[in-house]
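A.B. asks: Quick one, what's the 3D model for this:
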Amino acid sequence: MIHTWDALKTLALSLDLPNVETAVSWGNENLKAHGKMWTWWSPYVDAAIFKGSIEEREMLMEADPDTFILHPHYAKHGLLLVAAGRIDEGWAEARLRQTWRDMAPKRFLKEWDARHGGT
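C.D. replies: Numbers count the residues shown, from 1 in each chain. Below you'll find the predicted structure:
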């Protein structure tokens with residue numbers, strides 16, 4: 001289980017995906033992929049933030065309200081907040097890889113998949 005931003009950042013960077021960089025937005029460190037915020041730790045609640053959709057967040061919160069939480073600051077955004085200490089590494093890795101792919105420009109992703117067999 002992941003308990004801290006440092007642990008999440010270490011996992012994300014260990015995926016060795018291109019176009020990922022450490023950045024600071026609104027005074028808080030985050031990771032960007034393809035120039036867009038990819039994952040970060042909430043300054044409002046002890047939780048990691050992943051991209052998703054409002055519908056997915058609602059489903060996950062209903063299924064596991066101790067793991068998937070919400071702070072009012074994020075209510076209007078399609079973001080998934082996962083409580084510290086309840087972040088499964090396998091889930092986080094799969095989420096980060098999928099989000100990285102979803103954020104990639106189509107031409108880049110086509111070339112990446114051709115070189116790496118679609119992974």
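A.B. asks: C-alpha from now on. contacts and neighbour counts both.
C.D. replies: Noted.
A.B. asks: before we move on, which element is the most centrally placed residue in the chain in?
C.D. replies: Nearest to the mean C-alpha position of the chain, by Cα atoms, centre = their mean, lies F50 at 3.1 Å. Using DSSP states H and E, F50 falls within strand 47-51.
A.B. asks: Alpha carbons only: can I get that strand in PDB?
C.D. replies: The C-alpha coordinates for strand 47-51 follow below in PDB (Å, rounded to 0.1, in the frame of the first residue of the first chain):
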ATOM      1  CA  ALA A  47      -4.900  11.400  -0.400                       C
ATOM      2  CA  ALA A  48      -3.400  10.800  -3.900                       C
ATOM      3  CA  ILE A  49      -5.200  12.200  -6.900                       C
ATOM      4  CA  PHE A  50      -5.600  10.400 -10.200                       C
ATOM      5  CA  LYS A  51      -7.500  11.400 -13.300                       C
END
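A.B. asks: other SSEs contacting that strand?
C.D. replies: strand 36-41, strand 79-83, helix 89-103 (3 or more Cα pairs under 8 Å, 6 or more residues apart in numbering; DSSP states H and E).
A.B. asks: Go again with 10 Å.
C.D. replies: helix 5-14, strand 36-41, strand 68-69, strand 79-83, helix 89-103 (3 or more Cα pairs under 10 Å, 6 or more residues apart in numbering; DSSP states H and E).
A.B. asks: buried ones in stretch 86-95?
C.D. replies: For stretch 86-95, the neighbour count (16 or more other Cα atoms under 10 Å) marks 87, 92-93, 95 as buried.
A.B. asks: Go through these and say which is closest to R107.
C.D. replies: Each of these was checked against R107 using Cα to Cα; the closest is R95, at 21.5 Å.
A.B. asks: Now do the same contact list for the closest one.
C.D. replies: For R95, the contact set (Cα atoms under 10 Å, 6 or more residues apart in numbering) comprises 39, 50-52, 89, 101.
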